[in-house]
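Q: Sharing a sequence plus its predicted fold:
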Amino acid sequence: MPLDNQSLAHEYRTNGYLSPVSFLSEGEAAGHRKRMEVAEKEIGSLHYRSKAHTFLTSAWELASMRQVLDLVEKMIGPNILLFNATYIIKEPNSLSHVSWHQDLTYWGLSHDDQVSMWMALSPATQESGCMRMVPGSHEGGRQKHEVAPDETNVLLQGQTVKAVDEETAILCPLKPGEATFHHGWTLHASMPNKSNDRRIGLNVQYLATHVRQTKHKNDTAILVRGQDKFNHFSRDVPAKSDLEPKAMKRQEELEKLYNETAGNS
Ligand SMILES: O=C(O)CCC(=O)C(=O)O
C-alpha cells in the first residue's frame, strides 16, 4: 500500500530527499513531454529556461497539481509559493552533468523552508544520468562550494562541493511521471546522459510564504496554496496558452533577473 503524505513528508525530513513518488501514468507523462517538445519546435530547446510555468500550460499544470501540493504542504506548511519551474534536459549521449551542490547557496533566499520537486518526463536512469542524493546531508547546513567554470556543467557557475563521499550517495531512478523531492541543503548531483533518449525533468521550487529574496526586491512567485500575508514577492502570471508573446517577453526579463541572482552567490 502506498505511504500517506504525512509518512512521505517524515521520510523527506529525515533524509533530506524523497524518491520516487508517482504522480502521472507513463502515458500522461508522454503527453506532457509532447506538449513541451511541440513548443521546442517553435522556440528551440527549453533546457534551463526560467519560469516555464509562465509560458507553457503543461509546466503550469504539473507545478500546480493538487496531488503535488498536498505533499508539499506536509513538507513546508499550508502557505505555498511557486518560485520557479525549469526543464532540465540532457541530450542523448551528451557530457552535460550536474556537479555536487546545494541549491540554497545561490538563490539568495532568507530561510530554508523550501523544497524542490523534479518530475521525470522521460526515463531517468543510471544510464541517462538520474539524480544522486546524499541522505542526511541537509542537516549540515551550508557547505563550501568552489566555483569551477565548466561548459558541460548545467550549473551557472559550475559550483561544486569537492569533499563528497560518493559511496554515501543514493541513485534516484525515475520512470516518466515519477518525481523526487529534495531540500535546498541536500547535496545532489547527476552524471552525463549515456542513453539514446533525451533525459527530461521538470524541476519546480516551492517556498513557504515567509521566505524572501535577500539580494534584491524584484523577485517574483505565484501563491499556489493558502494565504500570503507577507507579500515578499511580486506576482508571476500562470500560462493561459502556450508561448503567448507577452508571456515570452516577460520570461526573458525574469530569466535575466534569475541569472543575475543565481550567478552571484
Ligand atoms: O537535473 C539534474 O540532473 C539535476 C537537477 C538539480 O540539480 C536540481 O534539481 O536542483
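A: Nice, I can see it. As the structure is a prediction and not an experimental result, all values here were calculated from the model.
Q: Next, the nearest residue to residue 92 once chain neighbours are set aside: phi, psi?
A: Take residue 92 and drop its neighbours on the chain: the residue closest to it by Cβ to Cβ, 6 or more residues apart in numbering is residue 196, 5.0 Å away. C-betas here are computed from N, CA, C, even on glycine. In terms of degrees, to the nearest 10, the main-chain angles of residue 196 are phi -90, psi 0.
Q: Assess the claim that residue 216 and residue 258 are in contact.
A: No - applying Cβ atoms under 8 Å, one finds residue 216 not in contact with residue 258, separated by 11.3 Å.
Q: Mind checking which of the two has more residues around it?
A: Neighbour comparison, residue 216 and residue 258: the larger count goes to residue 258, with 22 against 10 (by other Cβ atoms under 10 Å).
Q: Tell me where the model's unsure across the stretch 1-150 of the chain.
A: Applying pLDDT under 70 to the stretch 1-150 of the chain picks out residues 1-3.
Q: And whatever residue of it ends up closest to the ligand, its phi and psi?
A: Residue of the stretch 1-150 of the chain nearest the ligand, by Cβ to the nearest ligand atom: residue 88 (3.6 Å). Here is the backbone geometry of residue 88 (degrees, to the nearest 10): phi -120, psi 110.
Q: List the contacts of it.
A: Neighbouring residues of residue 88 by Cβ atoms under 8 Å, 6 or more residues apart in numbering: 47, 48, 98, 118, 154, 200, 201, 203.
Q: Surely residue 182 is in a strand?
A: Yes - per DSSP: H, G, I helix; E, B strand; the rest coil, residue 182 lies within a strand segment.
Q: partner residues bridging it?
A: residue 17, residue 116 (DSSP bridges).
Q: Would you tell me which residues of the stretch 51-200 of the chain are close to the ligand?
A: 88, 98, 103, 116, 118, 131, 188, 190 (Cβ under 6 Å from any ligand atom).
Q: Which helix or strand contains the spatially most central residue of the chain?
A: For the chain, the residue nearest the mean C-alpha position is residue 203 (2.6 Å; Cα atoms, centre = their mean). Per DSSP states H and E: residue 203 is located in strand 199-208.
Q: What's the first helix or strand after that strand?
A: Counting by DSSP H and E, what follows strand 199-208 is strand 220-225.
Q: Could you list every helix and strand in contact with that next one?
A: Counting contacts by 3 or more Cβ pairs under 8 Å, 6 or more residues apart in numbering; DSSP states H and E, strand 220-225 packs against helix 66-76, strand 80-90, strand 234-235.
Q: which SS class is residue 21?
A: Once three-state DSSP is applied, residue 21 turns out strand.
Q: Spatially, what comes nearest to it if we skip its sequence neighbours?
A: residue 179 (5.3 Å).
Q: Surely the one you found and residue 17 touch.
A: No - counting by Cβ under 8 Å, residue 179 stays clear of residue 17, with 11.0 Å between them.
Q: now, of the helices and strands packed on strand 220-225, which is deepest in the fold?
A: strand 80-90 (a mean of 24; mean count of other Cβ atoms under 10 Å).
Q: Direction included, what does the helix or strand just after that one pair against?
A: Tracing the chain past strand 80-90, the next element assigned as helix or strand by DSSP H and E is strand 98-101. Here strand 98-101 is paired, per DSSP bridges, with strand 188-190 (antiparallel).
Q: So in terms of bridging, what pairs with residue 80?
A: With DSSP bridges as the rule, residue 80 is bridged to residue 208, residue 225.
Q: for it, what are its contacts?
A: For residue 80, counting by Cβ under 8 Å, 6+ apart, the contacting residues are 69, 72, 73, 206, 207, 208, 209, 223, 224, 225, 226.
Q: What's the per-residue pLDDT of the fourth one here?
A: Meaning residue 206. Predicted confidence (pLDDT) for residue 206: 98.
Q: Give me the local confidence score for whichever residue of the chain sits closest to the ligand.
A: For the chain, the residue closest to the ligand is residue 190, as judged by Cβ to the nearest ligand atom, at 3.1 Å. At residue 190, the model reports a pLDDT of 96.
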